[in-house]
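Novice: Predicted model, plus sequence, below.
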Amino acid sequence: MMMAMLGVKLFLRAVMLVLALAGCKEPTRPPLAQRAYVWQRVWTSAVAEAVTNTINDVDAHVIFGGEVVWTSGQPQLVECDINWETLRQLSRPVCMAMRIAPYPGPFDNDAVQHSLTDHAKQLLARCANERLSCAEFQIDFDCAQKKLDGYALWLRALREVARPCRFVITTLPAWLGEASFPRLLREVDSYVLQVHSVRPAKPGDPVMICDPERAHRAVAAATQLRVPFEVALPTYSALVGLKPSGEVVGYSFEGPVPKWPADTQLVAFDSDAAGIAGLVREWKTLTPASMHGVIWYRLPITTDVRNWPLVTWRQVKAGEQPVPEWHVQASPGELVDFKLSNVGTLKTNGEVRLKVTWEKATLVDAEALPGFLLTKANGGLVIESVAGESVSLSPGAERAIGWARFNQRTQVHVEVSSLPVGHSR
């Protein structure tokens, strides 16, 4: 009997130990939240379609509601032309951002502060009038890092206007080292840490919009503050115009290149898809403390000129590295047209070479189209891009590159290889 009781006691102790150890495990953290900015001033049909088609890709869209611009020192609100019906169809609360154009101060100007709060009320009222609930109000203002205490005066007033919405601001990594930054964060519910920017690099530095190593350092510094934050990651590219002296002429983010002076040097800045995918993959596995998600700037639109296509963004968002993949289509018949396409998930960037051979036929004539050169070698053809010129094809895009005529119908074989720009031929 005593032995039986002892056995029961030992069994109960073992059960309690297992339960205790199970209770010591860290609670399962939710998946990394992902949102995206819709930063267009005018909602074309392509914008509305992109928002609708990505409802399952993101936890929320953050809508650009309007920008405060300065006219003779006075703030004026320019509202964006939003397709409100599209937002109603999503059946989601709205997250709205108000941008404030650069302003040097002073920040204790009561008239300016009242105007800003009136503009915020105007956007929130518009949302309510459109029968939509606003869950978050966000302020995007690139304040000078030495004037954050002044900016806090604005935020204190704007927060009262935003209630009961979550109140969020965008911030820059340079602010993290300022003694006034923790005081600024007392005025908000959370913040967005923007780890992307377009700034001319020093000679020899890599030209990129987001440096993964710098992003790591910024996130590590942000976790020390123990205030909830998101990390803003880029999807866009840009062209920067530089004078021969290195001075910036201007920036181009969308549309045709501006009419800059003839001696302007164009420098392309791009978002490193592979590097950013690595960041996402790491944060999905182990999310840093206080970080509750990433927010993409900006949602890909089919009409965007300098932005990732949707297929690239979706792969990077999943933490997977996108890659380009060349494919050549040779039409059947005596006259063979060659079309080059990208069947991968990333825009191509490099030179390309095709080796063409065929069976039981005689070549009558052949020609390469502009941007490519054709040579005959070893009973075949070589079609390659002009030396030093990159062939850029977005995923799914194709380009005719040449043709060949034979004396009879034949089976054509094509080998395609990608080469870095400026390689030795």
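Specialist: Received the coordinates, thanks.

Novice: Where in the protein is the helix or strand with the lowest mean pLDDT?
Specialist: Using mean pLDDT, DSSP states H and E, the weakest-scoring helix or strand in the chain turns out to be helix 2-24, at a mean of 42.

Novice: Tell me the buried residues in the next helix or strand after that one?
Specialist: For helix 2-24, the following helix or strand on the C-terminal side (DSSP states H and E) is strand 33-38. In terms of neighbour count (16 or more other Cβ atoms under 10 Å), strand 33-38 has its buried residues at 34-38. Glycine gets a C-beta too; all of them are placed from N, C-alpha and C.

Novice: Taking the residues you listed, tell me the two that lie furthest apart.
Specialist: 34 and 38 (14.1 Å; Cβ to Cβ).

Novice: just the helices in the stretch 1-150 of the chain please.
Specialist: Along the stretch 1-150 of the chain, counting by DSSP state H, counting those that start in this stretch, helices occupy 2-24, 45-53, 84-90, 110-129, 148-162.

Novice: before we move on, what about the stretch 251-400 of the chain?
Specialist: Under DSSP H, counting those that start in this stretch, the stretch 251-400 of the chain gives helices at 273-285, 310-317.

Novice: Report the angle between the shortest one and helix 45-53.
Specialist: Helix 310-317 and helix 45-53 are oriented at 40 degrees to each other (axes from the mean of the first three to the mean of the last three Cα atoms, to 10 degrees).

Novice: tell me what helix 310-317 is packed against?
Specialist: Contacts defined by 3 or more Cβ pairs under 8 Å, 6 or more residues apart in numbering; DSSP states H and E place helix 310-317 against helix 273-285.

Novice: angle of the helix it packs on against helix 310-317?
Specialist: 40 degrees.

Novice: Surely residue 57 and residue 317 touch.
Specialist: Yes: contact criterion Cβ atoms under 8 Å: residue 57 and residue 317 qualify, at 7.0 Å.

Novice: Tell me which of the two has more neighbours.
Specialist: residue 317 (23 against 19; other Cβ atoms under 10 Å).

Novice: separation between the closest residue in space to the more buried one that isn't next to it in sequence and residue 218?
Specialist: Distances taken as Cβ to Cβ, 6 or more residues apart in numbering place residue 34 nearest to residue 317, at 6.1 Å, with adjacent residues excluded. According to Cβ to Cβ, to the nearest Å, residue 34 stands 19 Å off from residue 218.

Novice: Okay, now the unreliable bits of the stretch 101-250 of the chain?
Specialist: 200-206 (pLDDT under 70).
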